[in-house]
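Trainee: need a structure here:
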Amino acid sequence: MPMPADRTETRKRSVVKALTYRVVIVCLDFLAIYIFTHKVEVAPGFMIVSNVYTTVGYFLHERIWARIGWGEEAKTG
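Mentor: Next up, the predicted model:
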């Protein structure tokens, strides 16, 4: 369901979305690394490095798109 035209997304919401998304991605990263390497000890290092910079990137991406009006339609009625 799209956000109504008279509402904007707060920074707090963007942070919570980014963090919950990262939890899902950490689990998927661990699973993929384990499937390919069969080594549990390899996964944590990769997961930490990957998820730090990708979380920051995701947050910045969300904040930029929150300011872009392209593709949004005003609510009529």
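Trainee: quick one: the residue sitting nearest the centre point of the chain and residue 52, what's the gap?
Mentor: Compute the mean C-alpha point of the chain, and by C-alpha atoms, centre = their mean the closest residue is residue 18, 3.9 Å away. Applying C-beta to C-beta, to the nearest Å, the value for residue 18 to residue 52 is 12 Å. Any C-beta I mention is one placed from the backbone N, CA and C, and that applies to glycine too.
Trainee: got it, and residue 30?
Mentor: 15 Å.
Trainee: look at those two and report which has more neighbours.
Mentor: residue 30 (16 against 11; other C-beta atoms under 10 Å).
Trainee: just confirm the more buried one contacts residue 48, I think it does.
Mentor: No. The pair residue 30 / residue 48 is not scored as a contact, 11.0 Å apart, by C-beta atoms under 8 Å.
Trainee: check the secondary structure at residue 7 for me.
Mentor: coil (DSSP: H, G, I helix; E, B strand; the rest coil).
Trainee: now do it against residue 24, distance only.
Mentor: As judged by C-beta to C-beta, residue 7 and residue 24 stand 25 Å apart.
Trainee: remind me what the helix or strand harbouring residue 45 packs against, helices and strands.
Mentor: Using DSSP states H and E, residue 45 maps to helix 43-66. Secondary-structure packing of helix 43-66 (3 or more C-beta pairs under 8 Å, 6 or more residues apart in numbering; DSSP states H and E): helix 11-37.
Trainee: buried residues in the helix it packs on?
Mentor: Neighbour counts over helix 11-37 (16 or more other C-beta atoms under 10 Å) mark 14, 18, 22, 25-26, 29-30, 33 as buried.
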